[in-house]
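S.K.: Model the structure of this input:
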Amino acid sequence: MEKKRILEEGLLEQYLSGELSPELHRIVEEALHQNSEVREHFDLLEADFERMGMEQAVVPPAQIKKALVKSLEKKSMVRIDRTPLWIAASIAILFGIATLWMFTKWQNAAGNLKVLQEQTAELQERMYTIENNYLQTSLQLRNINNANVVPLVLYGNQKSPNAKVVAYMDHKRKAVIVNPQGLPVLPTTKTYQMWSDVDGEMIDMGILSPDEELVTLKYIDKAESLNITIEPAGGNDHPTVEELISFVLL
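M.R.: Numbers count the residues shown, from 1 in each chain. Below you'll find the predicted structure:
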């Protein structure tokens, strides 16, 4: 089976998700052993799948446990000793001390309860953020793990030889997702920008940042190639041709 067919029909993605027939499974495995470029595509896909599948565990602050224990402590019972009348004054003094102690404990408990409520609200907000990020990652994973998706690798030229970017093109859904983590870090005054070449005209697709795992960019119809340039921070309305670092033909 030709390398081009394996990549364009999404057989590597189906191989990872266990959706291939036994015959296609055997063919893909042979290609992985015999073709280094197919193996390189597979390694990139596998790394992306593992990164997106990781779950993030949240450990609640230790102060929450302490505050809960304190709030659930049983209040000490005040034992009233039946004493003779001639020590009634002593009992009154002891009662006053006990009342003051209980009032102090109540104030501390109220303060601890307020801290606990604030920490609980903060924890709920963090959980909401994590859940939202997980849903977005799951959606991107489903978009990549699709038979219509064609993975494309953009290697850096002599201007940026260590650069490597993977673009996932879905021409049926008109979508493109890019993994830019293989780009070298730039100064804060510069940024990476991707362009589509349509009949000799470069059309902006969006900005890339090496800090992001997966970025959804604009899909441009009838694009003949994908191109990456280095532009001023914030992006540019036209590509700086002399700052072109990578491209791939479609």
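S.K.: Which helix or which strand is home to Gln14?
M.R.: Using DSSP states H and E, Gln14 sits within helix 11-17.
S.K.: buried stuff in that helix?
M.R.: 11-16 (16 or more other C-beta atoms under 10 Å). Glycine gets a C-beta too; all of them are placed from N, C-alpha and C.
S.K.: And the next helix or strand past that helix?
M.R.: helix 22-34.
S.K.: about what we covered before: redo the buried residues of helix 11-17 as CSV? Include pLDDT and distance to Thr99.
M.R.: CSV is the format used below for these (pLDDT from 0 to 100; distance: C-beta to C-beta, whole Å):
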residue, pLDDT, distance to Thr99
Leu11, 84, 79
Leu12, 83, 75
Glu13, 82, 72
Gln14, 86, 75
Tyr15, 85, 75
Leu16, 81, 70
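S.K.: Let me have those in JSON lines, extended by distance to Glu29.
M.R.: Formatted as JSON lines, the buried residues of helix 11-17 follow (distance: C-beta to C-beta, whole Å):
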{"residue": "Leu11", "distance to Glu29": "11"}
{"residue": "Leu12", "distance to Glu29": "11"}
{"residue": "Glu13", "distance to Glu29": "15"}
{"residue": "Gln14", "distance to Glu29": "13"}
{"residue": "Tyr15", "distance to Glu29": "8"}
{"residue": "Leu16", "distance to Glu29": "12"}
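S.K.: Ser21 is in contact with Val28, correct?
M.R.: No: here Val28 lies out of contact with Ser21, judged by C-beta atoms under 8 Å, at a distance of 10.5 Å.
S.K.: if we can go back for a sec, and the helix holding Gln14, what does it pack onto?
M.R.: Contact here means 3 or more C-beta pairs under 8 Å, 6 or more residues apart in numbering; DSSP states H and E; on that basis helix 11-17 packs against helix 22-34, helix 36-53.
S.K.: quick one: average pLDDT of the first one?
M.R.: Going back to what we said before, that points to helix 22-34. Across helix 22-34, pLDDT averages out at 88.
S.K.: Spell out the residue ranges of the strands in this structure.
M.R.: Per DSSP state E, the chain carries strands over the ranges 149-155, 164-170, 175-179, 190-198, 201-208, 215-217, 225-232, 244-249.
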